[in-house]
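**Student:** Sequence and predicted structure below; questions after.
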Amino acid sequence: MKKNFKYLIFGLLALIIIALFLYVFLIQKKLTPNKENLPGAYTIADVVADIDGNLYHTVKIGNQVWLVENLKTTHYANGDPIPNVTDPDTWGGLTTGAFCWYNNDSKIGEVYGALYNWYTTADPRGLAIEGWHVPTHDEWLTLETFLGGQIAAYPKLMEDGLAHWKEPTGAQKVFGTNASGFTALPNGTIALDSEFKKFMFMNLGESASWWTSSLFGPGAEMTRISIGYWFLDSGVINDQTRGNGIRLVKDAE
């Protein structure tokens, strides 16, 4: 009888240990970002610094290497300062390069990066870290295509969770998975508000916008992810004064 009781105790302990292992495994699986079996699933590569000493992680997606964070530099590549324009009305009349922090708050910029007008990307003094550049329209398209097209790429580029993104609304709720490792944050913008007819900071927590270096006729090219849309929106906008983020891509080897 004592022998059977001993075996029973051992059996119960074994079941408890197995249950604990299963619990830890399932919790770990839940917390691990879903890479959705991407071809060549992402790997975090080197850390690089800009002229101001800001550090950026990098990620390899397909055959491209991108910064994981938005650019924060306040100087052109040759060391000249980029004008920090804090007044929205002044910002709207610019025809030369400038940057600002969202709501003129540098602490927001530490997380989401700076906002630049398109003239900054076109300045011959350059913005890029050596060996990197502001991506062209075609380079954004390459990224989009690798991730499965406009609709499929959208959640794969977004940071997962709601630490920075507001909860999606509407009939179709799309949550970020960050399956690519790109970790897009909703940096917002400074732009002309159609209702109030003046330049305003808007959409922090709701949309991510970046410039390309491409210029089509009178319009500059902008790429955007927004919780109000369900695809990667890349199109020409006739507004070089808008303030968007910048993500650099590594020069092809």
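**Tutor:** Cool, the structure landed. Numbers count the residues shown, from 1 in each chain.

**Student:** how about the strands in the stretch 51-200 of the chain?
**Tutor:** Secondary structure of the stretch 51-200 of the chain (DSSP state E, counting those that start in this stretch): strands located at 55-61, 64-67, 99-100, 115-116, 132-133, 189-193, 198-202.

**Student:** Just name the most buried of those strands.
**Tutor:** Across the strands of the stretch 51-200 of the chain, averaging neighbours per residue (mean count of other CB atoms under 10 Å) puts strand 115-116 on top, at a mean of 28. To be clear about C-beta, it is placed using only N, CA and C from the backbone, and glycine gets the same treatment.

**Student:** per-residue confidence averaged over it?
**Tutor:** In this model, strand 115-116 has a mean pLDDT of 98.

**Student:** Show me what it is packed up against.
**Tutor:** For strand 115-116, the packing partners by 3 or more CB pairs under 8 Å, 6 or more residues apart in numbering; DSSP states H and E come out as strand 99-100.

**Student:** Which secondary structure elements does the strand it packs on sit against?
**Tutor:** Using 3+ CB pairs under 8 Å, 6+ apart as the contact test, the elements touching strand 99-100 are strand 115-116.

**Student:** about what we covered before: kindly reformat the strands of the stretch 51-200 of the chain as CSV containing distance to residue 75.
**Tutor:** Compiled in CSV, these are given as follows (distance: least, CB to CB, whole Å):
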stretch, distance to residue 75
strand 55-61, 15
strand 64-67, 17
strand 99-100, 10
strand 115-116, 12
strand 132-133, 15
strand 189-193, 20
strand 198-202, 23
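
**Student:** least reliable of these going by mean pLDDT?
**Tutor:** When those are compared by mean pLDDT, strand 189-193 comes last with a mean of 90.

**Student:** Distance from that one to the middle of the chain?
**Tutor:** Counting by CA atoms, centre = their mean, to the nearest Å, strand 189-193 is centred 19 Å from the centre of its parent chain.

**Student:** likewise stretch 178-191?
**Tutor:** The chain centroid and the centroid of stretch 178-191 are separated by 3 Å under CA atoms, centre = their mean.

**Student:** Dump the C-alpha coordinates for that stretch into PDB.
**Tutor:** Taking Å, rounded to 0.1, in the frame of the first residue of the first chain, the C-alpha atoms of stretch 178-191 are listed here in PDB:
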ATOM      1  CA  ASN A 178       6.100  43.600 -36.500                       C
ATOM      2  CA  ALA A 179       6.800  40.400 -38.500                       C
ATOM      3  CA  SER A 180       9.400  42.300 -40.500                       C
ATOM      4  CA  GLY A 181      11.300  43.800 -37.600                       C
ATOM      5  CA  PHE A 182      10.800  47.300 -39.100                       C
ATOM      6  CA  THR A 183       9.100  48.400 -35.900                       C
ATOM      7  CA  ALA A 184       7.100  51.400 -37.400                       C
ATOM      8  CA  LEU A 185       5.900  53.800 -34.700                       C
ATOM      9  CA  PRO A 186       3.000  56.300 -35.300                       C
ATOM     10  CA  ASN A 187       5.200  59.400 -35.400                       C
ATOM     11  CA  GLY A 188       2.400  61.700 -36.700                       C
ATOM     12  CA  THR A 189       3.000  64.800 -38.800                       C
ATOM     13  CA  ILE A 190       2.900  68.500 -39.100                       C
ATOM     14  CA  ALA A 191       0.700  69.500 -42.100                       C
END
